[in-house]
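> Build me a model from this:
(chains A and B, ligands or ions: 4)
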Amino acid sequence: MDDQQFEPVVVSFCCNWCSYAGADAAGTAKMQYPCNVHIIRVMCSSMVHPNMVVDALNNGADGVLICGCHPGDCHYQDGNLRAEKRAEAIELMLEDFGLEPERFRLEWISASEGPRFAQVAKEMVETLRDLGPSPYRS
Amino acid sequence: MKGSVLVVGSGISGMRAAAELVQHGIKVHLLEERPTIGGTMAQLDKMYPTNECATCTQLPKMLELTSNQNVNIIAFAELKELGQTDGGFSVCIEKKVRYVDPLKCNACTECFPVCPVGGVPMDFDLGRGKSKAIRFWSPFPPRKALIDPEACTYIKQGVCGEGSEPLCQKACEPGAIDFAQKPTEVRLEVGAVLVASGAEEQRGELAERLGHGELENVLTSLEYERLLSGLGPTAGVVKRDDGSAPRRVAWIVCEDFDKQKRAASPLCFMAATSEALGTLERDAEAEVTVISGGPKTEGRGYEAFRADAEQRGVRFLNASSVAVRQGEGGGVVISCSAASGQDSELEADMLVLSCPLRPPAGFDRLAERLGIGLDEQGYPRKPQGDLHPLHTTREGIFLCGTAEGPKGIREAVIQACAAAAGATARLADVRGTEVTPPPAPKLHDVRPGDEPKIAVVICRCGANIAGVLDVGELRDYVTSLPGVARAEVTPFGCDGVAIKDLISTGEYNRLVLGACSPRTHESLFQQYSEAGGLNRHLLEIVNLRNQCAWVHASDREGLASKARTLMRMGVARVALSEPFEPIRFPVTQSCLVVGGSPAGLACAARLGEMGFETHLVIAEADPGAALEAEAKAVTEPTLSSLGSNGKVKVYPQARVGRLEGYVGNYKAEVLTPEGPKELLAGAVVVATGEKMGQTGEQGDFEQALYLTRDDDAFFVGALGNLNPLDFNTDGVFMCGSAREDYSAAWSLVSGEAAASRVATVIAQSQAEKDPLVSQIIDENCDGCAYCIEPCPAHAITLIEYMKKGDIKKTVQVNEALCKGCGSCMATCPKQGAYVRNFKPEQFAAMVRAVLEVA
Ligand SMILES: Cc1cc2nc3c(=O)[nH]c(=O)nc-3n(C[C@H](O)[C@H](O)[C@H](O)COP(=O)(O)OP(=O)(O)OC[C@H]3O[C@@H](n4cnc5c(N)ncnc54)[C@H](O)[C@@H]3O)c2cc1C
Ligand code: SF4
Ligand code: SF4
Ligand code: FES
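Numbers count the residues shown, from 1 in each chain, chains lettered A, B, ... in the order given. Ligands and ions are numbered 1, 2, ... in the order given. Purely as a prediction, here's the structure:
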C-alpha cells in the first residue's frame, strides 16, 4: 500500500454520558476532524472488555480509542478508573500481539470538550498515518 | 386543592425540585423567564468542590425533564398573577413573543445562515458570543429558534437584506416563523408554588470601582466561566480582549473588600478557586492568584479542594483592601494592602471579579405578584427565620436555591429537595391525582429469533445532513444491506410522521434512524417508534448529523463513505437487538429512619406529613431528649408534629440489628427493650448524628448496606454535586451530621430533603426501570466472582447450586440494582456476563461493519 494514501481506520468507544456528548459538541461547533474515527457508543468506558479492543485490532483496525469521563465525572462512580486499569492489561496484550502501543489510546473527554475530541481524533489519525497499517490488516 | 406545583425558575434548584416532585406523584409546571432552561449552572465550566463538568452533570437532567410527560416546561414566559383559590393558587402566565412557533420549529438551523444580520451579542455568553438575529438562545433545551427583535431589521424597518421579504421565513421549511405572533396567556391551577428564581452577579458600584466595564481585560466570574466553557464563545480557550492568551490571571473576591465585610457564603471564594484551577488545567505555566480577605471554605470537602488547588499551583493572597488600575499592554495592576500593613503590587494580564450574588433584576416585581415580603437585601423574608428557611410570608409558597441566599450547587440541591418535600406534604391528600403514566404502547410481537426486517429512515434534517450528503444515494446503498427491508428519506425525522407511518404497517421488526444524536433525541424517537408499534429497544439511531455531516463537511467524499459505514454499523447492531419490557419490582411504601438527631426527627416528621408510614429508631428514651439547647429550640415544632397523624412510629432506646434487602425491599431487625422486632421498609435514612468512635455498636447495619466513612467519620456518599444525600446503595440516604457538620437549622433542611429523596423511592407501590441490565450466562460463568467487586451497584452476588449432584458456582445479578454500566461484562474473563443490547456479538458486528470497505 502506498503510504501517502494510507487512511487508518480507528474504532472509538465513547461513553454515553460525557465523551459521546463531547463528540456531539464537536459537531455542534462544526469542528472538522478526519473521517477515520468511528464512534461506538458504550454506557461507560468500563464496559469495554480488553478483548473488544484486541479483537478490533486483530480484525484489521489500525487503532482503538476509548474515551470516558474525566476522573470524578463517571456516571457510575469510578468506571473510568477501572477502564484505566484495564488499559494496562490492553497495553500488555498489544505487546504480545506485536502491535505498537500507539495503536491504543484512552482519553478523558467531557461533554463540553468538543474541541478536545476533535483534537484527539486528529492526533490519533496522524500518529497512525505515520505508523502505517496494522500488521493484521488484510 | 390541585396535585400540581408551579416552580418559578429552571436553574438547578428548580430543575431538581421538579424532578423530585414528579417522582412524588406531583405534576409540575416549570416556568422560566429565559428561552432555555438550566439557569446559572448551564453557564459554568467546572464545579467546586468536585471539579465535575457542569454540562456533563446537568444536561442529562435537562433531557430527563424535557421528556417527562408530567413536567410542563413553560420557557420564555412571565408570571403575571397569582390568585388565591380554595386552598391553592390560580396562575396567569404570559408567554413572550419569539417570532417562531415552537411547535413547528424543528431546530434545523436552516434560517441562521440566510439571516443577513450578524454580530448580535448573545446574552447567554454575557454578550461575548455573537449570533444572527435568529438563533438559539443557548445550546440547551428547549432547542427552538427565536428572533431578537432588537436586531432583526425586518421587525424594525421592514427590510431584510436587499429586499422586503424576510429571508428566514423563506428558508424555514416547516413554516415556523411568524412575525405576527402575539404574547399568549396560560392559566393554571396549582396547589403550591416553589420560588427558585436564583440570583445574579451584582455588578454595581463595587465591580465598577474595581474596573469592570472601564478597564480592559477585567471580567466578572461568570464572564470568565463562559471563556472556560467548551460551549462558550471561545470554545474553552481563555482569550484577552485582543485575542491573546493571558499568562497571569488574578481573581478578586469582591465582597471581601466591600467596606471590609467578609462574604457570607464561601461561593465566591470557591468559584474563584475553581476557575483558577481550570486556568491551570489549560496552561500549566499560567500564574494564577486568588486575592481575598482570607480563605473561605466552610462546607464538606471545600478546604480539601482549596488545598489541592494550592498544591497544584494556585496562589492565595490575603489582603485588607485592593485598588486596580490599567497597566501596560492591556494589563491590570492590582495594589493590595495586607492586614499586616504590608502593601504589594501585582500585575496581571487578566482580572476576574467574583461579584456577590443578589436577587435578579425584576425580582421585586415577581415578589409583588407572588405576594411575598422581602428583607432589606431584597431576598424573600423568612417569617420563621432559620427554623424554616424555605418558608415565605405566604402560606404554600416555598423557596430554594440561590433565591434564598448565595450558595453552591450542592446546598441548592439540598434545599430544592427540602422545598419539594414541603410542597408534597402540603398536597399529601391529592398526590397522584394530576400525573398520568406514560401511555401503554401496543407493540408488534417481535421474537429474538425472528429474521430481521429492518426499516431505515434517513433524515435530511433540513440541509444539516442533506446539504452536504447525498441522502438519496445513501438510501439506495442502505437498501442493499443485509436485513434491510425498506429505506426512506424524510425531511425531518423529529416530526415523527415517517417513523410512525412506516412502523405502523407492521411489516418491519427493527428500525434504524440516520439522524441527529441519540443523546438528545433518543427518548423522542423511542416514543415515535412505540407509537407505531415497535418496542423502543429495537430502534438504533445513527448519528449522521453531529458525528458525521457536521464534522466532515469539508471532505465530501470522505463524508459519504463515512455515512455508509455508520449506517452499516447501525444496521449490524440493531439486527442483533432484542425487545424488552421495563423491569418492574414491588416497593414497600414505608421508610426506616435511623437516629434521633434533629435531621432524623425532621426527616421522619416530614415523611409522616407526606403520608408515608415511617419507623423512627432512636437510642434515646424520648425523641429530642438528648439534643443540645439550640437544636432543641429549632426542632421543637418538628417534635410536636411527629406522629401527629399516626404515620410515624417511634422506637425508643432501640437500635437496628440485622438489615438486608435492596431498594424498595429492605428488611430490618430492630432491637427494642421489649425484644427484637422485624420491619419492612422501601428506603432507609441514616441520621445517626454521632461520628464514629463516639458511637459504639450503632452501626451494625452499615456493612450490610455497604456504607463507608471518611477520615472525619462522615459517611461517604455517592459522588457528585447533585447527589449530596444519596449513597451508592440505592434507596439509602443520609442527612444531618451523618453527612457534614451542619448547624441545627441546616440539619433540619437536610432531614426534610432526605424525606424527599425517600419519597422518590416509595411514592409508588411498584418501581419501573430500564431493562438494559446485566445478564449472566450460566454455561459460561464458573463463579470466579471477578465481577463482584467492580460492580458499582453491588448488584452481583455469588451463589452455589446443585447440578447433577455436583456443587456449582455462579453469580446472580439483582436487576433492580443493576445500572447497566457493563463493568461486569468487561471484567469477566469467560464471557459470562453481558448487558442487554450491548452484547459482545453486537460490538463485534459493528467492528466488522467498520472494517468492511464500502
Ligand atoms: C460565576 C459563578 C461560578 C459558580 N461556580 C460554582 C461552582 O463551581 N460550584 C458550585 O457548587 N456552585 C457554583 N456557583 C453557584 C451556582 O451557580 C448556584 O448555586 C446555582 O446555579 C443556583 O441555582 P438556582 O437554580 O438556585 O439559581 P439559578 O441558576 O440562578 O436559576 C434561576 C433561574 O430562574 C430564572 N428566573 C429568574 N427570575 C425569574 C422569573 N421572574 N420568572 C421565571 N424565571 C425566573 C432564571 O432565568 C434562571 O434560569 C457559581 C455561581 C457563579 C455566579
Ligand atoms: S428554519 Fe424554521 S424550523 Fe429551522 S430552526 Fe429556523 S425556525 Fe426552526
Ligand atoms: S452492568 Fe454494571 S451495575 Fe450492572 S451488574 Fe454489571 S457492573 Fe453491576
Ligand atoms: S460514564 Fe463516562 S466513563 Fe463511566
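> If you count neighbours, what's buried in the strand or helix carrying residue B:522?
When elements are assigned from DSSP states H and E, residue B:522 belongs to helix B:518-532. By neighbour count on 16 or more other C-beta atoms under 10 Å in any protein chain shown, the buried set for helix B:518-532 is B:518-522, B:524-532. Every C-beta, even on glycine, is put in place using the N, C-alpha and C of the backbone.
> Check stretch B:768-782 too.
Quick answer for stretch B:768-782 (16+ other C-beta under 10 Å): B:769, B:771, B:772, B:773, B:774, B:775, B:776, B:781.
> Whether it contacts ligand 3 - can you check?
Yes: using C-beta under 6 Å from any ligand atom, stretch B:768-782 reaches ligand 3 at B:773, B:774.
> Quick check: end-to-end length of that stretch?
31 Å (C-alpha to C-alpha, to the nearest Å).
> Pick out the residue nearest the middle of chain A.
Of all residues in chain A, the one closest to the mean position by C-alpha atoms, centre = their mean is residue A:65, 0.8 Å from it.
> Please, which helix or strand holds that one?
Using DSSP H and E, residue A:65 falls in strand A:63-68.
> is any part of that strand close to chain B?
No: using C-beta under 8 Å from any C-beta of the partner chain, strand A:63-68 stays clear of chain B, coming no nearer than 9.2 Å.
> quick one: buried residues of that strand?
Neighbour-count burial for strand A:63-68 flags A:63, A:64, A:65, A:66, A:67, A:68 (criterion: 16+ other C-beta under 10 Å).
> What's the first helix or strand after that strand?
Next element after strand A:63-68 (DSSP H and E): helix A:79-96.
> what's next to the helix-or-strand element of chain A with minimal mean pLDDT, contact-wise?
One helix or strand of chain A scores below all others by mean pLDDT, DSSP states H and E: helix A:19-28, with a mean of 92. Applying C-beta atoms under 8 Å, 6 or more residues apart in numbering or on different chains, the set of residues contacting helix A:19-28 from outside is A:14, A:33, A:39, A:41, A:45, A:67-69, A:107-118, B:55-56, B:59, B:139, B:230-231, B:517, B:519-520, B:543, B:545-547, B:550-551.
> restrict the residues you listed to those near ligand 3?
Applying C-beta under 6 Å from any ligand atom to the contacts of helix A:19-28, none is adjacent to ligand 3.
> Show me the residues you listed that map onto strands.
Those of those mapping onto strands are A:14, A:39, A:41, A:67, A:68, A:107, A:108, B:543, per DSSP state E.
> Domains of chain B: list them as residue ranges, please.
What automatic domain parsing lists as the domains of chain B is B:4-96+B:183-199+B:359-430, B:111-171, B:202-357, B:454-575, B:591-766, B:774-835.
> shaky segments in chain A?
Applying pLDDT under 70 to chain A flags the ranges A:1-4.
> Can you find the residue of it that comes nearest to ligand 2?
Closest residue of chain A to ligand 2, C-beta to the nearest ligand atom: residue A:28 (13.6 Å).
> related to what we said a few turns ago, include distance to ligand 2 when you put the ones in strands among the contacts of helix A:19-28 into TSV, please.
Below are these laid out as TSV (distance: C-beta to the nearest ligand atom, whole Å):
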residue	distance to ligand 2
A:14	27
A:39	25
A:41	26
A:67	30
A:68	33
A:107	33
A:108	33
B:543	19
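> For the closest residue to residue B:52 other than its chain neighbours, which residues are in contact?
Of all residues not flanking residue B:52 in the chain, residue A:73 sits nearest, at 5.1 Å (C-beta to C-beta, 6 or more residues apart in numbering or on different chains). The contact partners of residue A:73, taken as C-beta under 8 Å, 6+ apart, are A:17, A:18, A:80, A:108, A:110, B:52, B:53, B:56, B:57.
> what mean pLDDT does the host helix or strand of residue B:759 have?
Assigned by DSSP H and E, residue B:759 falls within helix B:744-762. Averaging pLDDT along helix B:744-762 yields 95.
> How many residues are close by the residue in the stretch 1-150 of chain B that ligand 3 sits nearest to?
Residue nearest to ligand 3 within the stretch 1-150 of chain B: residue B:60 (17.0 Å; C-beta to the nearest ligand atom). Each residue near residue B:60 was counted by other C-beta atoms under 10 Å in any protein chain shown, and the total is 18.
> Not including adjacent chain positions, what is the nearest residue to it?
Residue B:60 sits nearest to residue A:17 (C-beta to C-beta, 6+ apart), 6.7 Å away.
> Just to check, that neighbour is in contact with residue A:69?
Yes: counting by C-beta atoms under 8 Å, residue A:17 touches residue A:69, with 6.1 Å between them.
> Those two: which has the busier surroundings?
residue A:69 (29 against 25).
> Residue B:329 versus the nearest residue to residue B:294 once chain neighbours are set aside, what's the distance?
With sequence-adjacent residues excluded and distances taken as C-beta to C-beta, 6+ apart, residue B:294 is closest to residue B:318, at 4.9 Å. Distance of residue B:318 to residue B:329, computed by C-beta to C-beta, to the nearest Å: 28 Å.
> For the two, indicate the residue with more neighbours.
Ranked by neighbour count (other C-beta under 10 Å), residue B:318 and residue B:329 place residue B:318 first, with 15 against 11.
> Tell me which residues touch that one, please.
B:291, B:292, B:293, B:294, B:338, B:339.
> On the pLDDT front, check it for me.
On pLDDT, residue B:318 comes in at 93.
> who's it bridged to?
Per DSSP bridges, the residues bridged to residue B:318 are residue B:292.
> got the contact list for the residue of the stretch 51-200 of chain B found nearest ligand 4?
Using C-beta to the nearest ligand atom, residue B:56 is the residue of the stretch 51-200 of chain B that sits closest to ligand 4, at 8.2 Å. Contact partners of residue B:56, counting by C-beta under 8 Å, 6+ apart, are A:17, A:18, A:21, A:69, A:73, A:110, A:111, A:112.
> which residues touch the nearest residue to it once chain neighbours are set aside?
Nearest in space to residue B:56, with sequence neighbours left out and distances taken as C-beta to C-beta, 6+ apart, is residue A:111 at 4.0 Å. Contact analysis of residue A:111 by C-beta under 8 Å, 6+ apart lists A:17, A:18, A:21, A:22, A:25, B:53, B:55, B:56, B:59.
> quick check, stretch B:387-395 touching ligand 1?
No: using C-beta under 6 Å from any ligand atom, stretch B:387-395 never reaches ligand 1; the gap is at least 12.0 Å.
> for that stretch, which positions count as buried?
B:387, B:388, B:389, B:390, B:391, B:392, B:393, B:394.
> I'd like those as TSV, with pLDDT and distance to residue B:225 appended.
As requested, the buried residues of stretch B:387-395 are exported to TSV (pLDDT from 0 to 100; distance: C-beta to C-beta, whole Å):
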residue	pLDDT	distance to residue B:225
B:387	76	35
B:388	81	33
B:389	86	27
B:390	94	27
B:391	93	32
B:392	96	30
B:393	95	34
B:394	96	34
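> which one of the residues you listed is nearest residue B:712?
Minimum distance to residue B:712 across these is 25.2 Å, recorded for residue B:389 (C-beta to C-beta).
> Helix, strand, or coil at the closest one?
State at residue B:389, reduced to three classes by DSSP: H, G, I helix; E, B strand; the rest coil: coil.
> And residue B:715, its phi and psi?
phi -70, psi 150 (degrees, to the nearest 10).
> try the one 4 residues further on
Comment: the main-chain dihedrals of residue B:719 come out as phi -70, psi 160, following degrees, to the nearest 10.
> The closest residue to residue B:484 other than its chain neighbours: neighbouring residues, count only.
Spatial nearest neighbour of residue B:484, excluding adjacent residues (C-beta to C-beta, 6+ apart): residue B:454 at 4.8 Å. Close neighbours of residue B:454, defined as other C-beta under 10 Å, add up to 23.
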